[in-house]
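Peer 1: Provide a 3D model corresponding to the input given below.
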Amino acid sequence: MTTERLIKKYPNRRLYDTEESRYITLAEVKDLVMRAIPFKVLDSQTEDDITRTILLQIIMDQEAGGSPMFAAAMLERFIRFYGDTAQAAFTTFLDQSLDLFLKQQRMFTEQMQGVWGGNPMEFWVKLGQQNMGFWKDMEELSRKSAGADENSGDKR
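Peer 2: Here you go, the predicted structure:
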C-alpha cells in the first residue's frame, strides 16, 4: 500500500517535502503528479489540506504558458456551473469523461503496440461499445438531474 507523501506549505510560500526533508518547487510537485505519486499539501500553520489549491496553481501556471488547454469561453461555462443545481452532475460528467478518455487512450496505445499481431477491428468495436454505454449512462444522469420522473412514461 502506498502512503501519501506529505508536503507542507509555509508562510514564506515555500513547499517542504517531509519525505525528502527539503524544499521543493511547484515544478517538482507537478512531477509528482506526472509520476502518479500520491501526496497531500498541508498549510503548516492551520494544518488545512490545501492540495487542491496547489494543483490549481499548477494548472494556472500551465495555462499561462505557450499553449493553454482551456479557452476563455470554456472557462466561462465552467464558472456558470458553480452554484447551479446541475453542478454535481457536471462534476460527475467531467470526471467520467476524463476517466473514459484516459482508458481509451491506454487501450488505443496497447492496441497500436500489438497492431501487427492482433485484430485492429476488435479495438474499434470495443471502443464503440464502451462509448455507447458511457453515453447511455450520461443520458440517464442528465434525465435524473433535470428531474425527469422515471415513471412518467417518457421512454425514448
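Peer 1: Stretch 67-74: how far from the chain's middle?
Peer 2: The chain centre lies 16 Å from the centre of stretch 67-74; the measure is Cα atoms, centre = their mean, to the nearest Å.
Peer 1: Endpoints of it, how far apart?
Peer 2: Counting by Cα to Cα, to the nearest Å, you get 15 Å between the two ends of stretch 67-74.
Peer 1: Can you mark which positions in stretch 74-85 are buried?
Peer 2: Using 16 or more other Cβ atoms under 10 Å as the test for burial, stretch 74-85 gives residue 81. For glycine as for every other residue, the C-beta is placed from the backbone atoms N, C-alpha and C.
Peer 1: Now tell me what touches that stretch from outside.
Peer 2: With Cβ atoms under 8 Å, 6 or more residues apart in numbering as the test, stretch 74-85 has contacts from 70, 87, 90, 145.
Peer 1: Which residue ranges of the protein form strands?
Peer 2: Assigned by DSSP state E, the strands in the chain fall at 5-9, 15-17, 22-24, 39-43.
Peer 1: Among the contacts of stretch 74-85, name the ones in helices.
Peer 2: In helices, defined here by DSSP state H, the members of the contacts of stretch 74-85 are 87, 90, 145.
Peer 1: Can you pull the domain assignment for this protein?
Peer 2: 5-64, 73-145 (automatic domain parsing).
Peer 1: tell me, which of those domains is the model least confident about?
Peer 2: Lowest mean pLDDT within those: domain 73-145, at a mean of 82.
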